[in-house]
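>>> Build the 3D model from these lines:
(one chain, ligands or ions: 1)
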Amino acid sequence: MSTPEQKRRIEIYDTTLRDGSQGEGISFTVEDKIRIARRLDEFGVDFIEGGWPGSNPKDEEFFERMKSVPLRHARLAAFGSTRRAGIRAEDDGQLQKLVQAQVPVVTIFGKSWEDHIFHALKTTREENLHMIADSVAFLKGEVPTVIYDAEHFFDGYKADASYAIECLRVAWEAGAERLVLCDTNGGTLPDELTEIVQGVRQALPNAVLGIHTHNDSECAVANALAGIREGAIHVQGTINGYGERCGNCNLVPVMASLRIKLGYDCLLEHSLEHLTGLSQYIDEIANLVPNTRAAYVGRSAFAHKGGVHADAVLKGASYEHIDPEAVGNSRRLLISELAGGSSISGKAAERGIDMDRKSPQTRALLGKITEREHEGYSYEGAEGSFELLMMQAMGTYRSLFTLKGFRCIVEKRGDMAETITEATVKLEIEGEEQLVVAEGDGPVHALDSALRKALSTFYPEMAGIKLTDFKVRVVNTREGTAAKVRVMIDSTDGEQSWSTVGVSTNMIEASWYALVDSVVYGLLRCDNRA
Ligand SMILES: [Zn+2]
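As a prediction, the model looks like this:
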């Protein structure tokens, strides 16, 4: 049931790049972070928290490089803490770095819990209040928007409600535009959280509230939704719930539930149709295996096994809580081919290519993708390879060379000796045979160098294309040593970046396929621009 109150617009604040990157097994390069920021912006989130510029040089580089990356919709936020005890805000180096990031939004966190004030900050309750007020007021004079994250707020409130409220009040009075209540330990349950948010609303009726939850009791999503129902208009979290320990609040189900089930306004009009793609893309960049049972976006979220159930679904009976296409997912049954056809024409449309979902080209492409996916390929996050398949189906692909053979030798003679890698590549280009030998740091680098050398005589544009990242993942662990590996390669020509994929039981062969796609895509792109 929706009431007028529920039509409020909810701000989506993504912290995948900051809190999310604290998760075990997650390490983003600066290039990864830029790609994720771009994708989040295209998707339609309101805020992208990019990192903590005072804490590490990588985040500083990210903010520096983002100065030349235009965002369509989202506002970039830098994260930091209140000033140190006993100094002036303007003398605090960490606050100065937040200003130097030159972003439209700065989010700072402060303490609301005695336990942390005494043990972590080693200061007094009074000085903590000054630290919050001074820091917010100083930043308010330097950046357009200041958001205040009340760290450990729920624990602080349980220990001493009036002091926790006082911490919020000074931040609000100093000019913070959002007061974000953080369940930093993730231990609060929804009923308790509801009561506390109600308490805050009574004490500070005019304050604009946000909610930031963690998943230590598997309640992060439920808690975020409870906070919104109690009046928060701003929700923080990460894509796929990445984050420390058990993770942050997963924004994927939060955004879907807000719009589809609770009738709130958020994101852009068609954002949710790209939700599954976004979730897979971020997993792909993070080099994590997607959770097939993830709510709304998992591969199994709308999968129906044979028998009576699938038959009933085919006849129109509802066994699904929402229409899978509303979140860009698809039902997996005998009829999945149709759903696939529309997603391909959708992807083609994103690239400005008109492809009818029922045309023979679309069907051929779909057949090819199904076959490749069965072999272990994944095209989410490998736009370059996907586009090459699309060109082949449309007849716009042009073969640039034929492989006559390659060989790769890795040699190490004795423990202390240097390892030498050498690759030989033989290609036929425009009827001429090219035999090239190159050395490299490892087999992929050597093959890449040889391939480039062979091609550069014919295609001088090769000089502008370079490989930026390389990822390997085992795709079918059950088969032990016969397991296949999937190699993803990122490349750039200085203007645009693209990713390609290769699969084989042999890592070098998988790398070769990804390398070939990478250079062919780069060269055909130049072609199409000319
Ligand atoms: Zn957090």
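>>> And the helices in the stretch 201-350 of the chain?
Remark: helices assigned in the stretch 201-350 of the chain by DSSP state H, counting those that start in this stretch are 220-229, 251-256, 275-286, 307-314, 336-350.
>>> er, the stretch 51-200 of the chain actually
Using DSSP H, counting those that start in this stretch, helices in the stretch 51-200 of the chain cover 57-66, 93-100, 114-116, 125-140, 153-159, 161-173, 190-203.
>>> Which residue ranges make up the domains of this protein?
Per the record, the chain has its domains at 4-268, 307-394, 402-529, by automatic domain parsing.
>>> ok so, going back, identify, out of the helices of the stretch 51-200 of the chain, the most deeply packed stretch.
Mean neighbours per residue, mean count of other CB atoms under 10 Å, is largest over the helices of the stretch 51-200 of the chain for helix 153-159, with a mean of 22. C-betas here are computed from N, CA, C, even on glycine.
>>> Tell me which other helices or strands it touches.
Contacts defined by 3 or more CB pairs under 8 Å, 6 or more residues apart in numbering; DSSP states H and E place helix 153-159 against helix 114-116, helix 161-173, strand 178-183, helix 190-203.
>>> Same list, the helices of the stretch 51-200 of the chain, but as TSV with distance to Val45 and mean pLDDT please.
Converted to TSV, the helices of the stretch 51-200 of the chain look like this (distance: least, CB to CB, whole Å; pLDDT from 0 to 100):
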stretch	distance to Val45	mean pLDDT
helix 57-66	15	95
helix 93-100	21	96
helix 114-116	29	83
helix 125-140	22	97
helix 153-159	23	96
helix 161-173	24	97
helix 190-203	23	98
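>>> could I get those helices as CSV with distance to Arg83?
CSV is the format used below for the helices of the stretch 51-200 of the chain (distance: least, CB to CB, whole Å):
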stretch, distance to Arg83
helix 57-66, 19
helix 93-100, 6
helix 114-116, 16
helix 125-140, 5
helix 153-159, 19
helix 161-173, 13
helix 190-203, 24
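>>> so for the biggest helix by length in the chain, what's the average pLDDT?
Using DSSP state H, we find that the single longest helix of the chain is helix 507-529. On average, the pLDDT along helix 507-529 is 88.
>>> Quick check: buried residues in it?
Neighbour-count burial for helix 507-529, counted by 16 or more other CB atoms under 10 Å, picks out 507-526.
>>> name the helices or strands packed onto that helix?
helix 383-394, strand 402-411, helix 443-456, strand 466-474, strand 485-492, strand 497-504.
>>> what's the fourth one in contact with?
What it means is strand 466-474. 29, 31-32, 287, 289, 444, 448, 483-493, 497, 507, 510-511, 515, 518 (CB atoms under 8 Å, 6 or more residues apart in numbering).
>>> Show me which of those residues are buried.
Buried among these (16+ other CB under 10 Å): 31-32, 287, 444, 448, 484-493, 497, 507, 510-511, 515, 518.
>>> before we move on, the earlier item: for the helices and strands packed on helix 507-529, which one sits closest to Glu373?
strand 497-504 (9.8 Å; CB to CB).
>>> avg pLDDT for the closest one?
91.
>>> Run the angle between that strand and helix 383-394 for me.
Calculated by axes from the mean of the first three to the mean of the last three CA atoms, to 10 degrees, strand 497-504 forms an angle of 80 degrees with helix 383-394.
>>> CA atoms only: put strand 497-504 into CSV for me.
The C-alpha coordinates for strand 497-504 follow below in CSV (Å, rounded to 0.1, in the frame of the first residue of the first chain):
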residue,chain,number,x,y,z
SER,A,497,39.0,1.6,-22.4
TRP,A,498,37.7,-1.8,-23.3
SER,A,499,37.8,-5.3,-21.9
THR,A,500,38.1,-8.6,-23.7
VAL,A,501,37.9,-12.2,-22.7
GLY,A,502,39.4,-15.6,-23.6
VAL,A,503,38.7,-19.1,-22.2
SER,A,504,40.7,-22.3,-22.5
